[in-house]
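Undergrad: from the sequence below, what's the structure:
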Amino acid sequence: MTTNTTTAYGTSDIDSHIATAIVTAEDARTRLDFAKAAPKVFRAIVGFDAAAREGLDPALVELIQIRASHLNHCAYCLHMHTNDARKAGENEDRLHMVAVWREARHFFTEKEQAALALTEAVTLVADGEVPDDVYARAAAHFDDQELAHVLSLILTINTWNRVALATGKVAGTDERR
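TA: Residues are numbered from 1 along each chain as shown. Okay, here's the model as predicted:
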């Protein structure tokens, strides 16, 4: 006899429940479809996002997007970018540690830590400034072009988080596909 020690439900029961809950939540959504309501603006953000990623390591891109999405409490983007990171080969241990990267520094390179610190400072800029030491640490790991792209990526994910939150995007859906 096999027992499931983590839950009373079998995995397929949980997956089915989640899928049903996602459909129900999506059906209940009454906010506007941003892409349809403002297609030129939407395409401009898509273009900005694509340009920001150029020349950056895809794993670093996802770490930045995951951390900003944590800070902004954007479940839609967090779900999307953790899935993208997995598809890009990111391991589960690192994904679980992004939110607490300072306490789990050994999971991340110095360059990744510098990018995560800059992501936090820029994302939370309303709480204060981007400290000189955080900026200097990032500048020490990225050349000017890379740093500009990292900053641009942080700006785009913060924009996407705000679009998703303002329009009530449902975690578990991915409208890119």
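
Undergrad: my guess is residue 69 contacts residue 157. True?
TA: Yes. Residue 69 is within contact range of residue 157, at 6.8 Å (criterion: C-beta atoms under 8 Å). Every C-beta, even on glycine, is put in place using the N, C-alpha and C of the backbone.

Undergrad: and stretch 43-60, how far out from the chain's middle?
TA: Taking C-alpha atoms, centre = their mean, to the nearest Å, one finds stretch 43-60 lying 13 Å from the centre of the chain it belongs to.

Undergrad: and what of stretch 54-70?
TA: For stretch 54-70, the distance between its averaged C-alpha position and the chain's averaged C-alpha position is 7 Å (C-alpha atoms, centre = their mean).

Undergrad: residue numbering should commence at 5 henceforth.
TA: Sure, I'll start numbering at 5, so the last one becomes stretch 58-74.

Undergrad: buried set for that stretch?
TA: Along stretch 58-74, these residues count as buried under the neighbour rule (16 or more other C-beta atoms under 10 Å): 60, 63-74.

Undergrad: report the rounded mean pLDDT for stretch 47-66.
TA: The average pLDDT for stretch 47-66 rounds to 97.

Undergrad: can you list the weak-confidence ranges in this structure?
TA: Applying pLDDT under 70 to the chain flags the ranges 5-34, 176, 179-181.

Undergrad: ok, which stretches of it are helices?
TA: Counting by DSSP state H, the chain has these helices, from start to end: 15-32, 38-41, 43-57, 62-75, 79-91, 96-101, 114-127, 136-145, 148-170.
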